[in-house]
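Colleague: this one's sequence-less:
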């Protein structure tokens, strides 16, 4: 597809990937192709509506975990506990939580990383430059407001497939 990568950060045994911007379903396809090309798999969270039959079988096989957004599940506690128990843990999350424009990003990825003491690999997907980039690993400090501002600042340089849908 003509994409190139600029990745300087190594993969530890356990991590979370924060991937932004997320403005199109095409982001998922590019992400899956990238993982396949690099020879690794990564679980991902996706709204439960994508897990209907027969597509749900494929989504789970690819590493999908359905999210029931109308229920209070304690998803961050469950994911953090799994991360602590497992030898390897790889989870990709789009912090925006939607393809619609939103300046208020979801913080679940941050809390999972904080609770399980995981690094967050900041991956940007830039359609304009046809680039997958990760030059920063972020370690949560517990100061949520400052940390989220720093994380968002990293993604300012990236252009989504639909730039008007990406807000910081």
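Modeller: Noted; the coordinates are in hand. Remember, it's a predicted structure, so these values are computed and weren't measured experimentally.

Colleague: C-alpha only now, for contacts and for neighbours.
Modeller: Fine.

Colleague: now stretch 96-113, how far from the chain's geometric center?
Modeller: 9 Å (C-alpha atoms, centre = their mean, to the nearest Å).

Colleague: mean confidence for it?
Modeller: If you average the pLDDT over stretch 96-113, you get 88.

Colleague: Could you give me the buried positions within it?
Modeller: Buried residues in stretch 96-113, counted by 16 or more other C-alpha atoms under 10 Å: 96-99, 101, 106, 108-113.

Colleague: which residues of the protein score low on pLDDT?
Modeller: 68-73 (pLDDT under 70).

Colleague: rewinding a little: nearest to residue 23 among the buried residues of stretch 96-113?
Modeller: Among the buried residues of stretch 96-113, residue 99 lies closest to residue 23 (C-alpha to C-alpha), at 4.4 Å.

Colleague: quick one: contacts for the closest residue to that closest one other than its chain neighbours?
Modeller: Spatial nearest neighbour of residue 99, excluding adjacent residues (C-alpha to C-alpha, 6 or more residues apart in numbering): residue 23 at 4.4 Å. Residues near residue 23 by C-alpha atoms under 8 Å, 6 or more residues apart in numbering: 98-101, 160-163, 165-166.

Colleague: residue nearest the centroid of the chain?
Modeller: Centroid check for the chain by C-alpha atoms, centre = their mean gives residue 93 as the closest residue, at 2.3 Å.

Colleague: residues in contact with that one?
Modeller: Counting by C-alpha under 8 Å, 6+ apart, residue 93 touches 16-19, 44-45, 109.

Colleague: and if you look at residue 29?
Modeller: Residue 29 neighbours (C-alpha under 8 Å, 6+ apart): none.
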